[in-house]
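Chemist: Predicted structure and sequence below. I'll ask about it afterward.
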Amino acid sequence: MLVALTREVSPNIGQCELTYKQRETIDVDIARDQHNQYMECLADLGCRVHCLPAEPLLPDSVFVEDTCIVLDELAIITRPGAESRRAETSSVAEALEAYRDLAFIEAPGTIDGGDVLRIGKTLYVGLSSRSNRAGVEQLRNLLATYDYEVKGVPIRDCLHLKSAVTQVASSSLLINQTRVDPDDLKPMKLIEVDPSEPSGANALLVGDTVVYPLGFNRTRKRIEDAGIEVRVVDISELRKAEAGITCCSVLFEFLG
Ligand code: GLY
C-alpha cells in the first residue's frame, strides 16, 4: 500500500514564496476545497492519506514534497532552498519517524524535494535556485551505501526539476525539453508537452494512473494517446502559489 503524506493548506498561503509567478490573491477556501479533492483522488487510487495539520505561520507548508525524500531504505529530510520554508521540516520529520529511519541534509546544502526525480535506483536532482551542489553531494554520500546513484541536472526557466520532467509510466517521461535536456536523463520514451502548455510537464504517477492538473488539455491528450490513464484534478487556486500536482504529497510504500 502507498502512503500519501499531505498537509492542510495554511491560512496564510497568500504570503507564499513566488519565483516565476506574479502574486495574485488566493482564495483560501477554494484552495482548501481543491486540496481536499486532490486527497480524495489519492484515496480513490488506493493511497492511505496521512494529512498533517496546517501550519498557520508557514505559508508554503502544504507543499510537503519539498521537505523530504522518502525511499524504501530511509527518509532524507531536506533543507529547503527558501529560508522561509526551512521550519516546515521538523513536523514532517516527526511524522516520518513512524515509517522510516531518518537522515538530514545540512548547511550549506539545500535541496527541495520538487527537484528530486527518482527513476529506479537513480535520483536526478535539479540544480535550481533551491537545490545546490553541496546538497547533491550530501545526498550522494547518504545514499551510496544503499546503491543509489545521484546526479545533478541543469534546468532552465522553471522552479524545480519536476516543473520540467516527471515520470508518467514505467518507461515514459513527460517532458518540456526547453527546460531540461533529456540527454541528462536515462533514455526513456518521451512524451513532450504541447508547446502552448510549457507548464504541463508536472504529473503525479500513482500506480499506473497519472494524476494531472486541469488546464493542460492538449498535453493531457498526448498522455492519454500514449495509452496512459489520467485523472484530472483542479489545482488552479494552488497553482497561484506556484504549486505543481506533485508538490502537495509525498508518496511512499507502507512497509509495515
Ligand atoms: N510557492 C512554492 C515555493 O516557492 O516553494
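Modeler: Here it is on my side, so go on. Residues are numbered from 1 along each chain as shown.
Chemist: Now do whatever residue of the stretch 51-200 of the chain ends up closest to the ligand against residue 182, distance only.
Modeler: Across the stretch 51-200 of the chain, no residue is closer to the ligand than residue 60, which sits at 4.7 Å (CB to the nearest ligand atom). Heads up, the C-betas are built off the backbone N, CA and C, glycines and all. Per CB to CB, to the nearest Å, residue 60 is found 29 Å from residue 182.
Chemist: Among those two, which residue is more densely surrounded?
Modeler: A direct count of neighbours by other CB atoms under 10 Å for residue 60 and residue 182 places residue 60 higher, at 25 against 14.
Chemist: hmm, who's touching whichever strand or helix holds residue 125?
Modeler: Following DSSP states H and E, one finds residue 125 within strand 122-127. Residues from elsewhere that reach strand 122-127 (CB atoms under 8 Å, 6 or more residues apart in numbering): 69, 111, 114-118, 131, 133, 135-136, 139, 143, 148-155, 160-162, 164, 180, 184-186.
Chemist: So is the helix ranked longest in the chain next to the ligand?
Modeler: Among the segments of the chain that qualify as a helix by DSSP state H, the longest is helix 28-44. No - using CB under 6 Å from any ligand atom, helix 28-44 stays clear of the ligand, with a minimum separation of 12.0 Å.
Chemist: Could I get the buried residue list for stretch 103-117?
Modeler: Along stretch 103-117, these residues count as buried under the neighbour rule (16 or more other CB atoms under 10 Å): 103, 105, 109-117.
Chemist: before we move on, what about stretch 12-29?
Modeler: Using 16+ other CB under 10 Å as the test for burial, stretch 12-29 gives 12-17, 26, 28.
Chemist: average pLDDT across it?
Modeler: Across stretch 12-29, pLDDT averages out at 98.
Chemist: Report the contact partners of the residue nearest to residue 28 when sequence neighbours are not counted.
Modeler: Sequence neighbours aside, residue 11 is the residue nearest to residue 28 in space, at 5.7 Å (criterion: CB to CB, 6 or more residues apart in numbering). Residue 11 is in contact with 28, 54, 56, counting by CB under 8 Å, 6+ apart.
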